[in-house]
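Q: need a 3D model of the following:
(2 chains)
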Amino acid sequence: MSIDKDKIKHISKLARILVDEKKINGLTKDLSSIFKFIEQLNELNTDKVEPLSSILNKPLRSRKDEINDGKIRDQILKNSPQKNDKFFVVPKVIE
Amino acid sequence: MVGKIMSKATAKYIINGEKGKWEVVIGLEVHAQVTSNSKLFSGSSTKFGADPNTQVSLVDSAFPGMLPVINEFCIEQAIKTGLGLNAKINHYSVFDRKNYFYADLPQGYQISQYKNPIVGEGEITLDLPDGTKKIGIERLHLEQDAGKSIHDLDPSNTFVDLNRSGVALMEIVSKPDLRSLEEVNAYVKKLRSIMRYLGTCDGNMQEGSLRADVNVSVRKEGDVDLGTRCEIKNVNSIKFMQMAITYEAKRQVEALESGKKIDQETRLFDIKRNETRSMRSKEDAHDYRYFPDPDLLPLHLDKKLIEKIKKNLPELPDQKKERFIKQYSLTSYEANILVSEKEISVYFEEVAKKSDKKLAKNWIIGELFASLNEKNISISDSLVTSKKMCQLIDSISSGVISGRTAKDVFEIMKETGEDPKKIIETKGLQQKSDPKELEKIIDKIIFENKDKVDQYKSGKDKLFGFFVGQVMKLSGGKANPQLVNEILKQKLK
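A: The predicted structure follows:
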């Protein structure tokens, strides 16, 4: 995969990371070389190998359907930069 | 919605454009809230209507270092629903992160299932006025709901309530098999009905337990390839789905006929303006960068668990319909109505088992449904309980009151919920079924109408109705009509 300037802009937009215009060239170069390194893996034939989702060969841990959490509004809201008695408050987001 | 009957045969939805006929193709992604006590990955309550942010744990609000632990009951509910949709249950499925930013999504991603959903292909049979139609199910997967943004409490800010954040949803994706608004209606109702029978989703659209993304495309009639589709997000009633589809299909036809191309995009339906609009903010919406959630291991389902759930499945609408047709001598049309909601089927069976089954179906589909529609209530809210309906029907079949009088009794019952027996007694509505008493009345009428008797005897058969009418009038409508007929026939020989 080739990484160009537009790709960097696109990724930074998706990640909500503001990238200084001056740094884009450098980033493009860096990321390209990282990708090149990773793409060495493509030399291996993986046609008949299922994608691996986890290296732990263990069953997924589950819990019973019980209510044993919540009712901690004060704690939940405590670190919010903006809040009122009941809600998180954010700048207006509306379509 | 109870007992309402679709009005017409379901022809394909065709738009007659200026440059030819266009066929409308629809697929639905229904988001159904899983009925469970606690959330998919945390122990907070899912109860609707709680004080804002009181049903939120550190997991639901995405505090750093918190780990999701899956609710095993939600897994079972998804399997159950899959079985109810005649679908393949996948023994191996994976939870992925679907990445996007929004104020009511604290994690910055939704835990969902992408490549390996818990349930694969299945199908739903729709009961339409002109027969049945099978609609393919593409998949069903488990995912988290987001929180709720409230835009109208403050002029310059949005308030966020995370009570819904992390509640388990089943996304049920249909194949693009729907061809008309009637089919969309029938599909959503059938899906809702199946899940309510199963107890896996309460189907409450007002509370947002059932919402849908609607995929719409158009193609020239006769074309094999599908046109480019647009996805209308988050529509929360069947009526709005139909309105959105109508607008969107027309828009696409107009665009195509004027030489424009349809962009595959996400649109929203504006209820107030009755139009769909492109959601600019979702331009990159399809770039979700899914990847397996490293916090969760793949889900391996035990065959035994699936078999156990299969064994304990309740009777579903289609099976119940077949049984009702046989057991209670119903037509397919009547059976469809009576199994459409679990509560209706239970009510019907309670009445039909104890009382005359033919009267039971007629009274429930007729008078009872009319009263429910009139009052806009559901069958469980009716003051006429199944027990009282039994009493009413029994008084008809045992001859205590006539069918005509029963309608008057029902009018009182539906308003007050009174016992039919009590109403009949206090109002003195019992039928006169004593032959001697009736004979007296009949003799009097024959005596007072000698001229008519002669006319009748000389061949004017139509006058029989006149005599019956007179008897009913004189008896205050309480004479047993069958008996009156018999005695009159004898006396007028």
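Q: going forward, measure contacts and count neighbours with C-alpha atoms only.
A: Will do.
Q: hmm, who's touching stretch B:145-157?
A: A:89-94, B:103-105, B:110, B:158-169 (C-alpha atoms under 8 Å, 6 or more residues apart in numbering or on different chains).
Q: contact residues of the stretch 1-150 of chain B facing chain A?
A: B:36-38, B:42-45, B:51-58, B:61, B:69-74, B:94, B:100, B:103 (C-alpha under 8 Å from any C-alpha of the partner chain).
Q: how about a cut-off of 6 Å?
A: B:38, B:43-45, B:52-57, B:69-73 (C-alpha under 6 Å from any C-alpha of the partner chain).
Q: please, where are all the strands along chain A?
A: A:62-63, A:88-91 (DSSP state E).
Q: which helices and strands does the shortest one pack with?
A: Using 3 or more C-alpha pairs under 6 Å, 6 or more residues apart in numbering or on different chains; DSSP states H and E as the contact criterion, the neighbours of strand A:62-63 among helices and strands are strand B:70-71.
Q: what about the closest residue to residue B:162 other than its chain neighbours, how many residues nearby?
A: Nearest non-adjacent residue to residue B:162, counting by C-alpha to C-alpha, 6 or more residues apart in numbering or on different chains: residue B:147, 4.3 Å away. Neighbourhood size, residue B:147 [other C-alpha atoms under 10 Å in any protein chain shown]: 23.
Q: same thing with residue B:374?
A: Neighbourhood size, residue B:374 [other C-alpha under 10 Å]: 9.
Q: list the contacts of the most centrally placed residue in chain A.
A: By C-alpha atoms, centre = their mean, chain A has its centre lying nearest to residue A:15, at 7.1 Å. With contacts defined as C-alpha atoms under 6 Å, 6 or more residues apart in numbering or on different chains, residue A:15 has no neighbours.
Q: same question for residue A:28.
A: Residue A:28 touches residue A:4, counting by C-alpha under 6 Å, 6+ apart.
Q: which single residue in the stretch 201-350 of chain B comes nearest to chain A?
A: residue B:297 (5.0 Å; C-alpha to the nearest C-alpha).
Q: nearest residue to that residue in space, please, no chain neighbours.
A: residue A:60 (5.0 Å).
Q: same question, residue B:354
A: Nearest to residue B:354 is residue B:390, by C-alpha to C-alpha, 6+ apart, at 6.9 Å.
Q: so the one you found is in which element?
A: Using DSSP states H and E, residue B:390 maps to helix B:386-397.
Q: what are the buried residues along that helix?
A: B:386, B:388-396 (16 or more other C-alpha atoms under 10 Å in any protein chain shown).
Q: now swap in stretch B:198-208 and tell me
A: B:198-204, B:208.
Q: next: stretch B:426-444.
A: Neighbour counts over stretch B:426-444 (16+ other C-alpha under 10 Å) mark B:429-433, B:438-439, B:441-442 as buried.
Q: pull the longest helix from chain A.
A: helix A:24-38 (DSSP state H).
Q: for that helix, the distance to its chain's centre please.
A: Offset of helix A:24-38 from its chain centre (C-alpha atoms, centre = their mean, to the nearest Å): 19 Å.
Q: list the buried ones in that helix?
A: Those would be A:24, A:27-28, A:32, for helix A:24-38 by 16+ other C-alpha under 10 Å.
Q: and for stretch A:55-69?
A: A:65-67, A:69.
Q: pLDDT for those - can I get that in JSON lines?
A: Converted to JSON lines, these look like this (pLDDT from 0 to 100):
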{"residue": "A:65", "pLDDT": "98"}
{"residue": "A:66", "pLDDT": "98"}
{"residue": "A:67", "pLDDT": "98"}
{"residue": "A:69", "pLDDT": "97"}
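Q: next, the residue lying farthest from the centre of chain A: phi, psi?
A: Going by C-alpha atoms, centre = their mean, the residue of chain A most distant from its centre is residue A:85, 30.5 Å out. Per-residue torsions, residue A:85: phi -60, psi -40 (degrees, to the nearest 10).
Q: could you measure from it over to chain B?
A: As defined by C-alpha to the nearest C-alpha, to the nearest Å, residue A:85 lies at a distance of 9 Å from chain B.
Q: and that residue, what does it touch?
A: Applying C-alpha under 6 Å, 6+ apart, no residues qualify as near residue A:85.
Q: returning to what we had before: closest to residue B:132 among the buried residues of stretch A:55-69?
A: residue A:65 (37.9 Å; C-alpha to C-alpha).
Q: okay, residue B:465 and residue A:9: tell me how far apart.
A: To residue A:9, residue B:465 is 90 Å away according to C-alpha to C-alpha, to the nearest Å.
Q: repeat that for residue B:88.
A: From residue B:88 to residue A:9 the distance is 42 Å (C-alpha to C-alpha).
Q: number of nearby residues for residue B:314?
A: Quick note: residue B:314 (other C-alpha under 10 Å) scores 15 neighbours.
Q: spell out which parts of chain A neighbour chain B.
A: A:53, A:60, A:62-71, A:73, A:86-92.
Q: mind running it again at 8 Å?
A: Close to chain B, as judged by C-alpha under 8 Å from any C-alpha, chain A has residues A:14, A:53-54, A:56, A:58-73, A:76, A:86-95.
Q: let's see which of the residues you listed end up in helices.
A: A:14, A:73, A:76.
Q: mind listing what the last one touches?
A: Contacts of residue A:76 were listed using C-alpha under 8 Å, 6+ apart, and they are B:56-58, B:61.
Q: make it 10 Å
A: Residues counted as contacts of residue A:76 (C-alpha atoms under 10 Å, 6 or more residues apart in numbering or on different chains) are A:70, A:87-88, B:53-54, B:56-58, B:60-63, B:162.
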